[in-house]
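Q: starting from these lines, generate the structure:
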Amino acid sequence: MKAEEIRGLADDELVTRIAELEEERFRLRFRSGTEALEAPLRLRSIRRDIARLKTVQRERQLAGRGR
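A: Here you go, the predicted structure:
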């Protein structure tokens, strides 16, 4: 997910998307402990997407304070 796409999302969509990715990350980490994953690099991409989403969310919080 690109930063441009993320910035196009509404605030509630950001929160929803973060929750979805956190859930997927949890399931993948749990499964990786019991069996080999088909796409182990998916964990890395999920972690980075979560970081991007949280960064945009924080930027919006800080922009709101500046007003």
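
Q: now for the lowest-mean-pLDDT helix or strand in the chain, which elements pack on it?
A: Across the helices and strands of the chain, the lowest-confidence element by mean pLDDT, DSSP states H and E is helix 3-7, at a mean of 90. With contacts defined as 3 or more C-beta pairs under 8 Å, 6 or more residues apart in numbering; DSSP states H and E, helix 3-7 has these neighbours: helix 41-65. Using the backbone N, CA and C atoms, a C-beta is placed for each residue, glycine as well.

Q: what's the closest non-adjacent residue to the most centrally placed residue in the chain?
A: Taking C-alpha atoms, centre = their mean, the centroid of the chain lies closest to residue 50, which sits 2.1 Å from it. In space, and not counting its chain neighbours, residue 50 is closest to residue 21: 5.0 Å by C-beta to C-beta, 6 or more residues apart in numbering.

Q: buried stuff in the least confident helix or strand of the chain?
A: residue 6 (16 or more other C-beta atoms under 10 Å).

Q: for stretch 19-39, same thing?
A: Taking 16+ other C-beta under 10 Å as the neighbour-count basis, stretch 19-39 is seen to contain the buried residues 21, 25, 28.
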